[in-house]
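A.B. asks: sequence unavailable; structure follows:
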């Protein structure tokens, strides 16, 4: 067990720390924006005129990705549902709409690829520090478990990351069941587990699961994206083990 300090906040006793992936450890903005834009172009080619509404729904504005938008923080499953809802508004059946959205993302991934983005500065050092202190570490992401596993492999994080968990067919953020499942997989109690993430969904999930604390990370200094956090930081090296 350890005491974690962030700015003027302390969390104790802590046995484990769960990290979000996109926007927390991984700088994935460029990839997510490119993936969303390609999927939208594929859908718009079949349903002309739907592109602009989908860009807004996904949170894509030119070369900017809204870090609170669905493309940035929702699971891939939920993003497809968002797309399908707009497609259904054109008069298509729901299952046909889902299939169009799903196929668009499959084709977009084959074009854009599935490569992981770079680690944010200091991410590796923080993981090493927490792991050296005896804490169990996991990644709990809205991405798929396969994406999380690939991210860990690409960045050689297997030594430090015990749990690699995404959203597949089960609960999604901000459902507290997802956090509870992650804690069970790590063999720790929620009240002794910290959540570090870049969205209000991460904070809400951990809080409703009665987690040990919620640390919001906002690399762009926008605390509105992490409403509900116990403490908001702008760099991961502000997470320190003090005993």
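C.D. replies: Thanks, I have it. This one's a predicted model, so the numbers in the text were calculated from it and none came from an experiment. Numbering: from 1, shown residues only.

A.B. asks: measure residue 229 to residue 131 for me?
C.D. replies: Relative to residue 131, residue 229 is positioned 23 Å away (criterion: CB to CB, to the nearest Å). From N, CA and C alone the C-beta is placed, and that goes for glycine too.

A.B. asks: who's more crowded, those two?
C.D. replies: For residue 229 versus residue 131, neighbours defined as other CB atoms under 10 Å are more numerous around residue 229 (27 against 17).

A.B. asks: what about the more buried one, which SS state?
C.D. replies: Classification of residue 229 using DSSP: H, G, I helix; E, B strand; the rest coil returns coil.

A.B. asks: and the pLDDT for it?
C.D. replies: Residue 229 is assigned 96 on the pLDDT scale.

A.B. asks: okay, and residue 232 sits in which element?
C.D. replies: Using DSSP states H and E, residue 232 maps to strand 231-233.

A.B. asks: is it true that residue 53 touches residue 86?
C.D. replies: Yes: between residue 53 and residue 86 there is a contact under CB atoms under 8 Å: 5.6 Å.

A.B. asks: so between the two, which is more surrounded?
C.D. replies: The neighbour count for residue 53 versus residue 86, taken as other CB under 10 Å, is higher for residue 86 (19 against 14).

A.B. asks: list the contacts for the more buried one?
C.D. replies: Applying CB atoms under 8 Å, 6 or more residues apart in numbering, we find residue 86 in contact with 50, 53, 54, 57.

A.B. asks: which strand or helix spans it?
C.D. replies: With elements taken from DSSP H and E, the one containing residue 86 is helix 76-88.

A.B. asks: any low-confidence regions in this protein?
C.D. replies: The model of the chain has pLDDT under 70 over residues 114-115.

A.B. asks: and the residue of the chain most remote from its centre, how far from residue 97?
C.D. replies: Taking CA atoms, centre = their mean, the residue of the chain most remote from its mean C-alpha position is residue 91, at 32.2 Å. When CB to CB is applied, the distance between residue 91 and residue 97 equals 10 Å.

A.B. asks: check residue 27 too.
C.D. replies: From residue 27 to residue 97 the distance is 32 Å (CB to CB).

A.B. asks: those two: who's more crowded?
C.D. replies: Summary of the neighbour comparison: residue 27 and residue 97, criterion other CB under 10 Å, with residue 97 having more neighbours (23 against 17).

A.B. asks: alright, that wraps it up for me.
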